[in-house]
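In: Compute the structure for the input listed below.
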Amino acid sequence: VVCTCGVGIALWLGSAICVFPALGVSPLRMMGLFYSGAAICQILAGSAMLLCNQHIREYWVKQNTTANSQTNATVLGTISDRTPQGEHVAQIIVPEGAAPGTMLQVPTPDGGMLQAAVPSGAAPGTIFTVQYSDGLQ
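Out: Model (predicted):
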């Protein structure tokens, strides 16, 4: 913003010495200085815009990577009531693109999220069972 304003000021000063001859400044002598100042400000403004564009692109790449790193899973049926040990049991279908060790986000009936890792040897479409306690993920 400052550089863009600098362009306007430099061009205004360049025209002001032509419009107001009472200033006693030779327009031909100073015109090059004002145009050079405007050009430098324009180059700085363009560089700042390119730098901002790069930071914005990096931000969105990071956001997309973070969003894709947590895979949502499908719960087969509903999460059962308690086991004899007082735990809940969930049967989870491994989603496409999830490899062993991938952390899945599984919604629970109480509105929470259960995190479960895909077990080794589980391919997409297979079902695995997870036991969890209330309040634990």
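
In: Tell me, please, the helix or strand in the chain that averages the lowest pLDDT.
Out: strand 71-72 (a mean of 54; mean pLDDT, DSSP states H and E).

In: Which parts of this structure are helices?
Out: 2-19, 27-69 (DSSP state H).

In: residues near Pro124, how many?
Out: Residues lying near Pro124 (other CB atoms under 10 Å) number 12. Bear in mind the C-beta positions are built from the backbone N, C-alpha and C, glycine included.

In: That one reaches Pro100, doesn't it?
Out: No. At 10.8 Å, Pro124 and Pro100 do not qualify as touching, with contact defined as CB atoms under 8 Å.

In: Tell me which of the helices of the chain is the most buried.
Out: Of all the helices of the chain, helix 2-19 has the most neighbours on average by mean count of other CB atoms under 10 Å, namely a mean of 14.

In: Just want the angle from that one to helix 27-69.
Out: Relative orientation of helix 2-19 and helix 27-69, computed by axes from the mean of the first three to the mean of the last three CA atoms, to 10 degrees: 160 degrees.
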